[in-house]
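S.K.: When you get a sec, could you give me coordinates for this:
(one chain, ligands or ions: 1)
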Amino acid sequence: MKSWVIGNWKLNPATVSAVETLVDDLLAQTTSSQTDVAAQCQMMVAPSLLHLSPVQQKIKDTQIQLATQDVTALTAVSGAYTGDVSAAQLKDLGVQWSIIGHSERRQYYQEDNELLLQKLLHCASQGLGVILCVGESEAEFDAGDTEQVLVEQLAVVKTFLQQLLSQLNTEEVDNYISNQLIIAYEPVWAIGTGKVPSVDEVTAVHGFIRQQLQVFNAKLVQTPIIYGGSVKPDNAANFAASEQINGVLVGGAALQAQSFMEIAQAFAVK
Ligand code: PGA
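M.R.: Numbering: from 1, shown residues only. Now for the predicted structure:
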């Protein structure tokens, strides 16, 4: 299985010209690098909504995939929902994936499982893949509640699968969950802080997540589980060494082409 190296640019950078420079630098680095990094690991970038189109224009003929950071929960296609953007609109633009349930969305917009379920279903109905983010807060980590929190957050996957099965046939569901579902474990206390759990800790949590997923559907044993939270060029190789870590979701270090590529390189040799 190829590893996933996904850049979550959040609300960065501030201008179209800066975003174009970032993509140009990234493309220059992928073509000049000695190992064909873009072929050996699956790279993806998630620009802000406003920058999806210019980024799509630049990467459409490359191996780098494109994700949105969110979709509306209110409709899959179109309607009277001022300010929202739908999975169908994003798919039409050439977007392939959506990050769903990032901790910043959970924190600032109180996104819960009920709302996330709608987003997941809308993505699936439009053929957009999903990167579902889960992870405990620092207080939950300190209290030893990580597994409990993950069980609650992952419960949405079970409902999602049940509802998918009522909308699609088994083969379509199998196809979707085998190719278009990624779980990102991002301990909230590690995001943007420079604090990282040890590789052993992440490996154990990923094993736990995999165990939970398998209970929902045996096919989910294959689901890529990636790690996010202060991934940098100097710790990427450690994470890449674990069989349980199928890639990374990178925030800050994805905003420089060079550091993002160094992280991708660590996973390309995996
Ligand atoms: P970070 O962000 O790499 O800056 O910690 C990761 C994320 O929020 O996805």
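S.K.: what does the stretch 151-270 of the chain put close to the ligand?
M.R.: For the stretch 151-270 of the chain, the residues in contact with the ligand under the definition Cβ under 6 Å from any ligand atom are E186, I191, G192, G228, G229, S230, V231, L249, V250, G251, G252, A253. (C-beta placed from N, C-alpha, C; glycine too.)
S.K.: If we use 5 Å, what do you get?
M.R.: I191, G192, G228, G229, S230, L249, G251, G252 (Cβ under 5 Å from any ligand atom).
S.K.: which among those gets closest to the ligand?
M.R.: Set against the ligand, the nearest of these by Cβ to the nearest ligand atom is G251 (2.2 Å).
S.K.: Dihedrals phi and psi, the closest one?
M.R.: Dihedral angles phi and psi of G251 (degrees, to the nearest 10) take the values phi -100, psi -100.
S.K.: okay, now it: neighbour count?
M.R.: A count of nearby residues for G251, using other Cβ atoms under 10 Å, gives 21.
S.K.: who's the nearest residue to it once chain neighbours are set aside bridged to?
M.R.: Nearest non-adjacent residue to G251, counting by Cβ to Cβ, 6 or more residues apart in numbering: N8, 5.2 Å away. With DSSP bridges applied, N8 shows beta-bridge pairing to A46.
S.K.: N8 and the ligand: what is the separation?
M.R.: N8 sits 4 Å away from the ligand, going by Cβ to the nearest ligand atom, to the nearest Å.
S.K.: Quick check: that residue touching L249?
M.R.: Yes: in this structure, N8 is within contact of L249 by Cβ atoms under 8 Å, at 5.7 Å.
S.K.: picking up where we left off before, count the neighbours of the residue nearest to G251 for me.
M.R.: 26.
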